[in-house]
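[1] one predicted model, sequence on top.
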Amino acid sequence: MKKERNTLSVSSKGQIVIPRAIREKYRLDKGSKLLIREVKGGILLTPCRPLVEEVKEIARGLEGKWPKNLTSVDIVRRERGKYG
């Protein structure tokens, strides 16, 4: 997949405009939340996903790896405990 290189300008209010093709690809609409992180050499913007999606992803990754008597909620609680 070809990675596009885009140059953005920061407004006097600290705002940027994300190109339409990228907004459409990642389904970013008005009011969408983005997570910003400092990384070596720059910044990284990542779309925030609803908590429900995060929990489902954790559960899928753990499928078949826990005793049958535990629910996915039990597993999520256990996993959260690992990270503080």
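    Looks like it arrived, so ask away.
[2] nearest residue to the middle of this structure?
    residue 48 (4.2 Å; C-alpha atoms, centre = their mean).
[3] correct me, but that residue touches residue 36?
    No: shown here, residue 48 and residue 36 do not form a contact pair, counting by C-beta atoms under 8 Å, at 10.3 Å. Any C-beta I mention is one placed from the backbone N, CA and C, and that applies to glycine too.
[4] contact partners for the residue of the chain most remote from its centre?
    Taking C-alpha atoms, centre = their mean, the residue of the chain most remote from its mean C-alpha position is residue 69, at 30.3 Å. Taking C-beta atoms under 8 Å, 6 or more residues apart in numbering as the criterion, residue 69 is in contact with no other residue.
[5] identify the residues contacting the nearest residue to residue 46 once chain neighbours are set aside.
    The shortest distance from residue 46 to any residue other than its chain neighbours is 4.6 Å, reached at residue 35 (C-beta to C-beta, 6 or more residues apart in numbering). Residues near residue 35 by C-beta under 8 Å, 6+ apart: 45, 46, 47, 48.
[6] where does the prediction get shaky in the protein?
    Low-confidence regions of the chain, defined by pLDDT under 70, span residues 1-4, 66, 83-84.
[7] could you redo the last one with a cut-off of 50?
    Judged against pLDDT under 50, the low-scoring parts of the chain cover residues 1.
[8] tell me the domain boundaries of it?
    What the record gives for the chain is the domain set 1-48, 51-82, from automatic domain parsing.
[9] convert the C-alpha atoms of stretch 62-80 to CSV, please.
    In CSV, the C-alpha atoms belonging to stretch 62-80 read as follows (Å, rounded to 0.1, in the frame of the first residue of the first chain):
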residue,chain,number,x,y,z
LEU,A,62,-7.9,-14.5,24.7
GLU,A,63,-10.4,-16.9,23.2
GLY,A,64,-9.6,-20.5,24.1
LYS,A,65,-6.9,-19.4,26.6
TRP,A,66,-9.0,-19.3,29.8
PRO,A,67,-11.0,-21.7,31.8
LYS,A,68,-14.6,-22.2,30.7
ASN,A,69,-16.0,-21.0,34.0
LEU,A,70,-14.7,-17.5,33.5
THR,A,71,-16.6,-14.8,31.6
SER,A,72,-15.1,-12.3,29.2
VAL,A,73,-15.7,-9.7,31.9
ASP,A,74,-13.6,-11.7,34.4
ILE,A,75,-10.9,-11.9,31.8
VAL,A,76,-10.9,-8.1,31.1
ARG,A,77,-10.7,-7.4,34.8
ARG,A,78,-7.8,-9.7,35.1
GLU,A,79,-6.0,-8.1,32.1
ARG,A,80,-6.6,-4.6,33.3
